[in-house]
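Novice: mind looking at a prediction? Sequence and model below.
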Amino acid sequence: MIEPMADGLSADRRFTDIRAGGWVARLPPRARPFALLARLDRPIGAWLLFLPGLWSILLARQGFWFSLYLIALFGVGAVTMRSAGCVVNDLWDRELDRRVARTAGRPLASGAISVPGALIFLVVLLAIGLGILLLLDRPAKILGIVSLLLIALYPAAKRVTFWPQVMLGVTFGWGAPLGYAAAHGGLGWPVLPLYAATILWILGYDTIYAHQDREDDAMVGIKSTALLFGGQTRRFLMVCYAGTIVLLLIAFALAGIGTLGMIALALPGALLAWQIATLDIDDPARCLALFKLNREVGLLVALAILFGR
């Protein structure tokens, strides 16, 4: 028999991905909850937000130093806006988070940070993001402003549809058109398949991620593709990841990426296939590890673009 804990969560379901140790533990005590609120203990989210922008900057095929400048800006911007998105998400979800094992320890859910404190922190993050956005040209500025609406709306999606992962894909993949516009001075045909590829990729890996909370989400009324597909998740991932590679090939062709770059897509394709083959939807730790593997997938796609150039 499973013994319930004092907070109502069973002992075997208290899995959490919060990492309060390491360098976060060496921060001043008042700063630690804000680092955890921004998910600075788990940089994988910033990586995944950054990678579509990296792809599009490289795909635009501009000069080395200008591309490096944009990559640096997008790196700082990804950390900042991912942190802002986490604050918005946790403000929306603080009551629900208290009822889900993996999220019950988040600073807003646990009371370590007050709502006014989180709002002040959000304003600071948005000010930094605005400063970065002002360094870009007009088309990129417009796309950056639109992204704020997506960040604000994403947390509501899981309350009304079993497809919130699509909304996350639209939001996290926004770096693809934004990066191309920043590098190229506007949008172009390669952006369409590239953006679609990022959405399918994110739809796949966030479905894996959502399996960590599947049982808790069902109890509190949160919807996800993990709940929708359940035991058929592998087949769903096959469609998402195969579509990702096909659309990347089309984007490469439209951008003039050479044959070597297209062949190199076999490497990230192999890692995506590995995720499908080794997935265990009933093992939260395994789901988290496979989700994190997508940083390497994204870096290999960037490497393929460089090979093709």
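Specialist: Right, received. Where do you want to start?
Novice: OK, contacts around residue 213?
Specialist: 100, 101, 102, 103, 222, 224, 226 (CB atoms under 8 Å, 6 or more residues apart in numbering). In this view, the C-beta of every residue, glycine as well, is placed from N, C-alpha and C.
Novice: so what secondary structure elements neighbour whichever helix or strand residue 239 is part of?
Specialist: Per DSSP states H and E: residue 239 is located in helix 233-255. Packing contacts for helix 233-255, counted by 3 or more CB pairs under 8 Å, 6 or more residues apart in numbering; DSSP states H and E, involve helix 44-59, helix 191-210, helix 225-229, helix 259-264, helix 266-278, helix 294-308.
Novice: can you show me the CA trace of that helix as PDB?
Specialist: Provided in PDB are the C-alpha atoms of helix 233-255 (Å, rounded to 0.1, in the frame of the first residue of the first chain):
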ATOM      1  CA  THR A 233       2.600   8.100 -27.800                       C
ATOM      2  CA  ARG A 234       5.300   6.300 -29.700                       C
ATOM      3  CA  ARG A 235       3.200   6.400 -32.900                       C
ATOM      4  CA  PHE A 236       2.500  10.000 -32.300                       C
ATOM      5  CA  LEU A 237       6.200  10.800 -31.900                       C
ATOM      6  CA  MET A 238       7.000   8.900 -35.100                       C
ATOM      7  CA  VAL A 239       4.700  11.300 -37.000                       C
ATOM      8  CA  CYS A 240       6.100  14.400 -35.200                       C
ATOM      9  CA  TYR A 241       9.800  13.600 -35.600                       C
ATOM     10  CA  ALA A 242       9.600  12.300 -39.100                       C
ATOM     11  CA  GLY A 243       7.700  15.500 -40.100                       C
ATOM     12  CA  THR A 244      10.500  17.500 -38.400                       C
ATOM     13  CA  ILE A 245      13.200  15.900 -40.400                       C
ATOM     14  CA  VAL A 246      11.300  16.200 -43.700                       C
ATOM     15  CA  LEU A 247      10.500  19.900 -43.100                       C
ATOM     16  CA  LEU A 248      14.100  20.600 -42.200                       C
ATOM     17  CA  LEU A 249      15.200  19.100 -45.400                       C
ATOM     18  CA  ILE A 250      12.800  21.300 -47.300                       C
ATOM     19  CA  ALA A 251      14.000  24.400 -45.400                       C
ATOM     20  CA  PHE A 252      17.600  23.400 -46.200                       C
ATOM     21  CA  ALA A 253      16.800  23.100 -49.900                       C
ATOM     22  CA  LEU A 254      15.100  26.500 -50.000                       C
ATOM     23  CA  ALA A 255      18.000  28.100 -48.200                       C
END
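Novice: so that it lines up with my notes, have the first residue be 863 from now on.
Specialist: Noted, 863 is the first residue going forward, which turns the last one into helix 1095-1117.
Novice: can you list the buried residues in that helix?
Specialist: Within helix 1095-1117, the residues that count as buried by 16 or more other CB atoms under 10 Å are 1095, 1098-1099, 1102-1107, 1109-1114, 1116-1117.
Novice: taking the contacts of residue 1075 one by one, which sit in helices?
Specialist: Members of the contacts of residue 1075 lying in helices (criterion: DSSP state H): residue 1088.
Novice: out of the contacts of residue 1075, which one sits closest to residue 900?
Specialist: residue 965 (14.9 Å; CB to CB).
Novice: where does the closest residue to residue 906 other than its chain neighbours land on pLDDT?
Specialist: In this structure, residue 906 finds its nearest non-sequential neighbour in residue 1154, 5.1 Å apart by CB to CB, 6 or more residues apart in numbering. Model confidence at residue 1154, given as pLDDT, is 95.
Novice: give me phi/psi at residue 1154?
Specialist: Dihedral pair for residue 1154: phi -70, psi -30, per degrees, to the nearest 10.
Novice: quick check: residue 943 touching residue 1013?
Specialist: Yes. Between residue 943 and residue 1013 a contact is recorded at 7.0 Å, counting by CB atoms under 8 Å.
Novice: higher neighbour count, these two?
Specialist: For residue 943 versus residue 1013, the count of surrounding residues by other CB atoms under 10 Å is larger for residue 943: 27 against 21.
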